[in-house]
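**Q** okay, here's the prediction I keep looking at, along with the sequence it came from:
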Amino acid sequence: MAGTFAGALEARQIEVDPQRYDVEATGEIETDDGVLVIKRIRVDYRLAVPDERRADAERVHDIHARFCPVARSLAGAIEISTHLELL
């Protein structure tokens with residue numbers, strides 16, 4: 001998901017580099033009939049972006065999961081949520 005989001009930002013000439021872009025993913029695991037199962041994944045993005053590009057970054061965040069192979073593959077099996085913090 002991080003790659004899809006970064007690629008969509010770069011396509012809109014929003015710079016993505018390690019000093020401006022950070023991602024943290026957290027999973028929640030539950031036991032289902034004695035087997036550990038990933039139930040939820042939360043992806044937190046932190047992005048430093050100029051004020052005039054904030055709306056563009058928010059729009060990309062709003063749609064990127066629809067075009068992400070990972071998110072589409074896991075849809076229906078694992079609940080995925082994302083959060084964007086603009087710096």
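**A** Looks like it came in fine. Residues are numbered from 1 along each chain as shown.
**Q** you'd agree Gly27 is up against Leu36?
**A** No. Distance between Gly27 and Leu36: 10.5 Å, which falls outside the contact criterion (Cβ atoms under 8 Å). Backbone N, C-alpha and C define where each C-beta goes, glycine included.
**Q** what count of nearby residues applies to Gln13?
**A** The tally of other residues near Gln13 (other Cβ atoms under 10 Å) stands at 8.
**Q** which SSE is it in?
**A** For Gln13, there is no host helix or strand (DSSP states H and E).
**Q** check it and give its pLDDT.
**A** Note on Gln13: pLDDT of 96.
**Q** ok, now Thr31?
**A** If you check Thr31, the pLDDT there is 96.
**Q** leaving out sequence neighbours, find the closest residue to it.
**A** Val37 (7.3 Å; Cβ to Cβ, 6 or more residues apart in numbering).
**Q** next up, the contacts around the one you found.
**A** By Cβ atoms under 8 Å, 6 or more residues apart in numbering, the contact set of Val37 is 29-31.
**Q** quick check: which element contains it?
**A** Here Val37 is assigned to strand 35-47, by DSSP H and E.
**Q** all the helices of the chain, residue numbers only.
**A** 2-11, 54-63, 69-74 (DSSP state H).
**Q** out of these, which one sits most buried?
**A** helix 2-11 (a mean of 17; mean count of other Cβ atoms under 10 Å).
**Q** mind giving me the packing neighbours of that one?
**A** Applying 3 or more Cβ pairs under 8 Å, 6 or more residues apart in numbering; DSSP states H and E, one finds that helix 2-11 makes contact with strand 21-32, strand 35-47, helix 54-63, helix 69-74.
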